[in-house]
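Peer 1: 3D model of this:
(chains A and B)
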Amino acid sequence: MIGLLGPNGAGKTTTIKMACGLIVPTAGTIRLNGYDVGRQRADAVRQIGAVLEGSRNVYWPLTAWQNLMYFGKLKGLRAAEVKPRAQRLLADLGLGQRRNETVGSYSRGMQQKVAIAAALITDPPILLLDEPTIGLDVEAARTVKDWIAHLAADEGKTIVLTTHQLPIVQELAGRIAVIRDGSIIADLPTADLLARFAEDRFEVRVAGPRSGVAGALPAGARAEADAGTTRVTLRDADQGRLHEFLGELRARDIPLLSVTQAQPDLEEIFLRLIGSSASRVPPRAGEQPERAGVTP
Amino acid sequence: MSAIAIPRAGAAGLAPRWFALRAFGTEAGKGLRLMWRRRFMVVVAAAAFGLTYLGISLFIGGGHLVKDLMVRTVPALLAVAVANTAAVEGTGGIAEEINGGTLEQTRLSPASPQLQALGRMTALAVEGLAAAVVLGIVFVFGAGLGIVFVFGAGLGIHPHPAVVLPALLTIADALGYGLIMTALVVRVPGIGAITHVANMVIMAFGGMLVPVSVFPHGMEIFARFIPTALGVQSANTILAGHGLAAAWSDGTLPWLLAHTAVVVTAGLGLYVLNIRHAQREGGLSPR
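Peer 2: Next comes the predicted model:
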């Protein structure tokens, strides 16, 4: 699974749509399982299922069953082939009992499940998922996330996933590409990307608002409000500075909640990448600096 | 998360001809299902159309229905009903698909856009014909226009089997017009409003108010370029009991053939062209 990340307007959706053959690239070629999307469109689109961002993807006036039968047959399957897949997909997604109700009467999460089922109806080897969890409540988003994980791990699908929910990407994706202004600025295996930005640090959580620790912060430390508490990050994992800071907290009688050793998460790495004008990924230890986007 | 074992789909190895037929049927079937979902609106639209025609007929007849005239304008009413449905539902449907993102999903099929367009228009033909049949029955029997089964037995509608030919060509002509309007919406979303203006022109010049043959010569020539007008003229010739040969010799049938061929080809060509343009410009989704 590849996580395709980028800020709004970076070109993620355009990239996905170009891969689907829905937008013609101005230059270059895209191959899906070896089929050129531009020249072998019919074969190329047989390789993919897609859930596109900001659209319904399926016909809301029709039932879930009618939608799956329609998309299955439109993509060349016989009714006898579509039926068992549609039955199983709807049952596994918890829609079996309501398959004959119109999609418009479903909740947003159920509608998204139908869109995913429609994308899977022909059992394509590649899935392009553009913001599949957008607008979903926590439970529905969890279900969709579990399905994506299952499809990649157990069904062997190649999945390109775009989302702004970075913890999902960090958890699921084996590789991450970051796009900014239409250009790839990082493209690395997830572990490698995290490793390149790794730095030992301490996270100190204290009770009370951020203003309470303002005068006690050592140079280079960052304080963030977090659900009624304050999280202070000491970036260089210096034990001496940590003890000094803890002493300051004690002196000011600020209640200490926790002290942990931490690493930057994907969200922080992403923000650093898209905020960096240099567009570079740090080199591995012992390596010369290199241009971001070089696939290892 | 439960374990999922989805049955594998077979290879999509249908012969191209069968695949094309299946895709066409699937698209038409979807159109009919969507029509069924809005069946109430279909009935309301047909009723409104019938009432409009009734009002115009009463206005022209000074408060009375002029049966001699209605015998020749009812075929136009039916043709205009099909053309109107094809254009209004075609443009509305494609705009809805663009805004809902389903047009993009349908383009993830190996089926060609022209095949999908044909399926789409076939469903609209059924919808338009359903309205036309109901309107035809209401006015032919309700207004007492009468059907004359003995050829040449005076005024009335002579149901000669040969009328099927101009009728089919008129339906194709109307669908071609609907497809042109549909294709234009793919390129310019706001153009849907023009559809209503175009429909009024067809209503005015297609023979629904008065037969095209009673227009002044110059206007008659202009009217023959309007979709369905030639078909109605040709059908009227046959329904008046003059036969297919008369429709051919007066030029309406051959010109109808040519008109239909041009309009259908233009509709399909424009649709494919505009779908490709939308793919270049990212116009298959909401803009």
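Peer 1: could you say what helices and strands the helix or strand where B:Leu32 lies packs with?
Peer 2: If you go by DSSP states H and E, B:Leu32 is part of helix B:16-37. Packing contacts for helix B:16-37, counted by 3 or more Cβ pairs under 8 Å, 6 or more residues apart in numbering or on different chains; DSSP states H and E, involve helix A:64-74, helix B:67-100, helix B:113-142. All C-beta atoms are positioned from the backbone trio N, CA, C, and that covers glycine.
Peer 1: how about B:Leu124: what's its closest non-neighbour residue?
Peer 2: B:Ala86 (4.8 Å; Cβ to Cβ, 6 or more residues apart in numbering or on different chains).
Peer 1: tell me what angle the helix holding B:Leu32 forms with helix B:67-100.
Peer 2: 100 degrees (axes from the mean of the first three to the mean of the last three Cα atoms, to 10 degrees).
Peer 1: nearest residue to the residue in the stretch 1-150 of chain B that chain A sits nearest to other than its sequence neighbours?
Peer 2: Residue of the stretch 1-150 of chain B nearest chain A, by Cβ to the nearest Cβ: B:Gly101 (2.1 Å). For B:Gly101, ignoring the flanking residues on the chain, the nearest one in space by Cβ to Cβ, 6+ apart is A:Ser55 at 2.1 Å.
Peer 1: same deal with A:Arg222?
Peer 2: Closest to A:Arg222 by Cβ to Cβ, 6+ apart is A:Thr233, at 4.7 Å.
Peer 1: quick revisit: which residues touch the helix holding B:Leu32?
Peer 2: With contact meaning Cβ atoms under 8 Å, 6 or more residues apart in numbering or on different chains, helix B:16-37 is reached by A:59, A:61-62, A:66, A:70, A:73-74, A:76, A:78, A:102, B:12, B:14, B:42, B:89, B:93, B:106, B:109-112, B:115-116, B:118-120, B:122-124, B:126-127.
Peer 1: pull out the buried members of these.
Peer 2: Burial by neighbour count, 16 or more other Cβ atoms under 10 Å in any protein chain shown: within the contacts of helix B:16-37 this picks out A:59, A:61-62, A:66, A:70, A:73-74, A:76, A:102, B:12, B:14, B:42, B:89, B:93, B:106, B:109-111, B:115-116, B:118-120, B:122-124, B:127.
Peer 1: how about the helices in the stretch 101-250 of chain B?
Peer 2: Remark: helices assigned in the stretch 101-250 of chain B by DSSP state H, counting those that start in this stretch are B:102-106, B:113-142, B:164-187, B:192-205, B:217-223, B:229-237, B:243-249.
Peer 1: give the other helices and strands that the last one contacts.
Peer 2: Of the remaining helices and strands, those touching helix B:243-249 by 3+ Cβ pairs under 8 Å, 6+ apart are helix B:229-237, helix B:252-281.
Peer 1: what does the stretch 151-287 of chain B have sitting close to chain A?
Peer 2: B:279-280, B:282, B:284-286 (Cβ under 8 Å from any Cβ of the partner chain).
Peer 1: go again with 6 Å.
Peer 2: B:279-280, B:282, B:284 (Cβ under 6 Å from any Cβ of the partner chain).
Peer 1: how about whichever strand or helix holds A:Glu171: buried residues?
Peer 2: Of the helices and strands defined by DSSP H and E, A:Glu171 is found in helix A:166-172. Of all the residues in helix A:166-172, those buried under the rule 16+ other Cβ under 10 Å are A:166, A:168-170, A:172.
Peer 1: mind listing what's buried in the helix holding B:Leu32?
Peer 2: Buried-residue list, helix B:16-37, by 16+ other Cβ under 10 Å: B:19-20, B:22-24, B:26-35, B:37.
Peer 1: past that helix, which element shows up next along the chain?
Peer 2: The C-terminal neighbour of helix B:16-37 among helices and strands, as given by DSSP H and E, is helix B:39-60.
Peer 1: same for that following helix, what does it pack against?
Peer 2: Packing partners of helix B:39-60 (3 or more Cβ pairs under 6 Å, 6 or more residues apart in numbering or on different chains; DSSP states H and E): helix B:67-100, helix B:113-142.
Peer 1: pick the most deeply packed of the ones you listed.
Peer 2: helix B:67-100 (a mean of 24; mean count of other Cβ atoms under 10 Å in any protein chain shown).
Peer 1: and the angle for that one with helix B:192-205?
Peer 2: Using the same axes, to 10 degrees: helix B:67-100 against helix B:192-205 is 170 degrees.
Peer 1: and the angle for helix B:67-100 with helix B:164-187?
Peer 2: 30 degrees.
Peer 1: quick check: mean pLDDT of helix B:67-100?
Peer 2: Mean pLDDT, computed over helix B:67-100, is 91.
Peer 1: roughly how far does B:Glu220 sit from chain A?
Peer 2: Per Cβ to the nearest Cβ, to the nearest Å, B:Glu220 is found 43 Å from chain A.
Peer 1: what about that residue, how many neighbours?
Peer 2: Residues near B:Glu220, counting by other Cβ atoms under 10 Å in any protein chain shown, number 16.
Peer 1: identify the residues contacting the nearest residue to it once chain neighbours are set aside.
Peer 2: Distances taken as Cβ to Cβ, 6+ apart put B:Val212 closest to B:Glu220, at 5.7 Å, once the chain neighbours are dropped. The contact partners of B:Val212, by Cβ atoms under 6 Å, 6 or more residues apart in numbering or on different chains, come to B:220, B:223, B:229, B:233.
Peer 1: just give me the closest of those residues to A:Pro264.
Peer 2: A:Pro264 lies nearest to B:Ala229 out of those, by Cβ to Cβ, at 72.7 Å.
Peer 1: for the stretch 101-250 of chain A, which residues are neighbours of chain B?
Peer 2: Contact residues (Cβ under 6 Å from any Cβ) of the stretch 101-250 of chain A with chain B: A:122-123, A:146.
Peer 1: pull out the buried members of those residues.
Peer 2: A:122-123.
Peer 1: give me the subset of the residues of the stretch 101-250 of chain A next to chain B lying in helices.
Peer 2: When DSSP state H is applied, these are split such that A:Asp146 fall in helices.
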